[in-house]
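**Student:** Give me a 3D structure for the following:
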Amino acid sequence: MVEEKVENYYQGIYLTETVMGNPNGDFIDNSPRNFDGKVFTTDKCIKYNIRRYIKENLENLENNEDVVFFYPRLVDGANFEDAKYQTRDDVMKNIFGNDFEKLLKSSPDVRMFGGTFSFKKDSKQIYGPIQLSYGIDLNDAEIKRLQIGAPFATKSGTQKTNGSEYVVDDAIISYDISVNPNNYPNLLREEDLELFKKSLWFGTNLRKSTSKKTDSKFLMLIKFKNISNIEGKVSAISIGELKELVSINNKKTRGMGIGQIELNMDKLLSKLNKYDEYIENIDIYFDEDEIQLNVPDNSKINKFTPNDLI
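**Tutor:** Predicted coordinates for the structure are as follows:
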């Protein structure tokens, strides 16, 4: 079977919503990451969702198919609660037999995001074709401190301890996406791009715990025409960051995830119109019951539901 490679440059926007949860905790007190109260998230939390989805739903170690390289793996014989994990060299040797080409062939997360491979014998670095920006909150979310009680005391005979946790009331986070095959030519496959979209959406939805309650809300990918006349090169016409060109019209009247999000795309559409001659098509994924868009009918804009990603 011929593996079709991605031969176009893409840009996009991805939106998530977190209600009474923590979209991305820091390492000090696990409070939502923020600058002076303005909530943000790192790209790593989204990449983790994608990798976890692939590992739990597609990975086939026996046949070396869809193997996720950058994901914690227990040492042989260890149980989950032991928290004893393999090193990168262990994984490289045990799964790929120290064959880097085999790793590239078998690992969709490496073909998507690249990575730094600091092995004892040989180190490599790949700047991945798919890149995600830090996310920023569009909904003026507020960080709330909640009091919680612990079941145990710090010392025998004393009262049980009290603690606290931090959540956001309602954060709608916007990320930039870029797909540039020139970062590592002929690495990213068309099937990888489809898997990226699917695992991005559903992997984020599946990451649920008491504090982490984030849902995918909107995904747009803009496919640019490939008019390059240089062999092996893709036309990469970046039009700059897009994530702050969308806004929420009803953020003051809509609370705690209730009702539709009225997504204002006027600034984004205005910018896209300026580059229309370079755009091949625009794919948008959203649920009409959750998102209200002000997008006019356009032959280049294709609207899909999340079910179309399955």
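**Student:** hey, let's count contacts and neighbours off CA atoms from now on
**Tutor:** OK.
**Student:** and residue 307, how many neighbours?
**Tutor:** Residue 307: 10 surrounding residues under other C-alpha atoms under 10 Å.
**Student:** how would you label it: helix, strand or coil?
**Tutor:** helix (DSSP: H, G, I helix; E, B strand; the rest coil).
**Student:** From residue 300, how far off is the residue nearest to residue 192 when sequence neighbours are not counted?
**Tutor:** Excluding the flanking residues, the one nearest residue 192 by C-alpha to C-alpha, 6 or more residues apart in numbering is residue 108, at 6.3 Å. Residue 108 is 29 Å from residue 300, where distance means C-alpha to C-alpha, to the nearest Å.
**Student:** more crowded one of those two?
**Tutor:** Comparing residue 108 with residue 300 by neighbour count (other C-alpha under 10 Å), the higher total belongs to residue 108, at 27 against 14.
**Student:** got a list of what that one touches?
**Tutor:** Shown in contact with residue 108 (C-alpha atoms under 8 Å, 6 or more residues apart in numbering): 66, 67, 68, 192.
**Student:** Could you report the separation of the first one from residue 5?
**Tutor:** Computed with C-alpha to C-alpha, the distance linking residue 66 and residue 5 is 17 Å.
**Student:** So which of the two has more stuff around it?
**Tutor:** Counted by other C-alpha under 10 Å, residue 66 and residue 5 do not tie: residue 66 has more neighbours, with 19 against 16.
**Student:** In contact with the closest residue to that one other than its chain neighbours, which residues?
**Tutor:** Using C-alpha to C-alpha, 6+ apart and skipping residues adjacent in sequence, the residue nearest residue 66 is residue 59, 4.7 Å away. Listed by C-alpha under 8 Å, 6+ apart, the contact partners of residue 59 are 65, 66, 67, 68.
**Student:** what does residue 78 give?
**Tutor:** By C-alpha under 8 Å, 6+ apart, the neighbours of residue 78 are residue 84.
**Student:** hang on, the earlier thing: quick one: which of the contacts of residue 108 is nearest residue 136?
**Tutor:** Proximity of the contacts of residue 108 to residue 136 (C-alpha to C-alpha) peaks at residue 192, which lies at 26.0 Å.
**Student:** which strands and helices sit next to the strand or helix carrying the closest one?
**Tutor:** Using DSSP states H and E, residue 192 falls within helix 190-206. Here helix 190-206 touches helix 43-57, helix 108-113, strand 214-224, going by 3 or more C-alpha pairs under 8 Å, 6 or more residues apart in numbering; DSSP states H and E.
**Student:** try it again with 6 Å
**Tutor:** Contacts defined by 3 or more C-alpha pairs under 6 Å, 6 or more residues apart in numbering; DSSP states H and E place helix 190-206 against helix 43-57.
**Student:** list the buried ones in the helix it packs on?
**Tutor:** Using 16 or more other C-alpha atoms under 10 Å as the test for burial, helix 43-57 gives 43, 46, 47, 48, 49, 50, 51, 52, 53, 54, 55.
**Student:** Packing partners of it?
**Tutor:** helix 190-206.
**Student:** what mean pLDDT would you report for the helix it packs on?
**Tutor:** Helix 190-206 carries an average pLDDT of 97.
**Student:** in it, what counts as buried?
**Tutor:** Those would be 192-193, 195-206, for helix 190-206 by 16+ other C-alpha under 10 Å.
**Student:** Give me the distance between that helix and the centre of its chain.
**Tutor:** 9 Å (C-alpha atoms, centre = their mean, to the nearest Å).
**Student:** could you check the angle strand 214-224 makes with that helix?
**Tutor:** Orientation check (axes from the mean of the first three to the mean of the last three C-alpha atoms, to 10 degrees): helix 190-206 against strand 214-224 gives 160 degrees.
**Student:** Can I get helix 190-206 as CSV, trimmed to CA atoms?
**Tutor:** Output in CSV follows, covering the C-alpha atoms of helix 190-206 (Å, rounded to 0.1, in the frame of the first residue of the first chain):
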residue,chain,number,x,y,z
GLU,A,190,-2.2,11.8,5.4
GLU,A,191,-3.4,9.1,7.7
ASP,A,192,-1.4,10.7,10.5
LEU,A,193,-3.2,14.0,9.9
GLU,A,194,-6.5,12.3,10.1
LEU,A,195,-5.5,10.5,13.3
PHE,A,196,-4.3,13.8,14.7
LYS,A,197,-7.7,15.4,14.3
LYS,A,198,-9.5,12.3,15.7
SER,A,199,-7.2,11.8,18.7
LEU,A,200,-7.1,15.6,19.4
TRP,A,201,-10.9,15.8,19.7
PHE,A,202,-11.7,12.5,21.4
GLY,A,203,-8.5,12.2,23.4
THR,A,204,-9.2,15.5,25.1
ASN,A,205,-12.8,14.5,25.8
LEU,A,206,-11.7,11.2,27.4
